[in-house]
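In: attaching a predicted model along with its sequence, questions to come.
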Amino acid sequence: MILIFLIFASLVTFVYYKVQQSRGISSTEKRFYSSKGSIAIGIFFISFGINSYINLQTSISAYITLLFVIFGLVNVYFGYKHVRLLSPHIKEENTQS
C-alpha cells in the first residue's frame, strides 16, 4: 500500500515540476526544476519496480525490477547532484530579484 501511494505521489510531483519547468523564467530555474523532476521520476521507477516484483515474484520480473531500480537510482543520483549544483545559483537569482 505504501508503494502504491509512493508511485502516485512521485508521478504527481513529477508533473508538478514539469509544469514549473515550463513556467520558469531563466534557464537555471528550468534546469533546477528538471533536476527535481528527474528525482521524482527516479523514485517512481524504483517504487514501481519493487511493487511489480512483490506482486508477480517471477524470475523475469526480478530482472525487470533490477533494471527499473538501477535506472531509478541513476535518475535520483544525477538529479540530486544537479540540484545541489544549481541550488546556490537559484538562491542568488532569488536575492537579486
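Out: Okay, I see it.
In: can you name the residues that contact residue 83?
Out: 32, 35-36, 39 (C-beta atoms under 8 Å, 6 or more residues apart in numbering). For glycine as for every other residue, the C-beta is placed from the backbone atoms N, C-alpha and C.
In: mind redoing it with 7 Å?
Out: Residues in contact with residue 83 (C-beta atoms under 7 Å, 6 or more residues apart in numbering) are 32, 35-36.
In: ranges for the helices of the protein?
Out: 2-23, 27-56, 59-96 (DSSP state H).
In: pipe those helices into TSV and attach mean pLDDT per row.
Out: Conversion of the helices of the chain to TSV gives the following (pLDDT from 0 to 100):
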stretch	mean pLDDT
helix 2-23	96
helix 27-56	96
helix 59-96	94
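In: just say which of those helices is most tucked in.
Out: helix 27-56 (a mean of 19; mean count of other C-beta atoms under 10 Å).
In: if you count contacts, what does it end up packed against?
Out: helix 2-23, helix 59-96 (3 or more C-beta pairs under 7 Å, 6 or more residues apart in numbering; DSSP states H and E).
In: which of these sits closest to residue 43?
Out: helix 2-23 (4.3 Å; C-beta to C-beta).
In: tell me what that closest one is packed against?
Out: Short answer (3+ C-beta pairs under 7 Å, 6+ apart): helix 2-23 packs on helix 27-56.
In: centre of the chain to the helix it packs on, how far?
Out: Put simply, helix 27-56 sits 3 Å off its chain's centre (C-alpha atoms, centre = their mean, to the nearest Å).
In: same check, this time on stretch 24-44
Out: Using C-alpha atoms, centre = their mean, the offset of stretch 24-44 from its chain centre is 8 Å.
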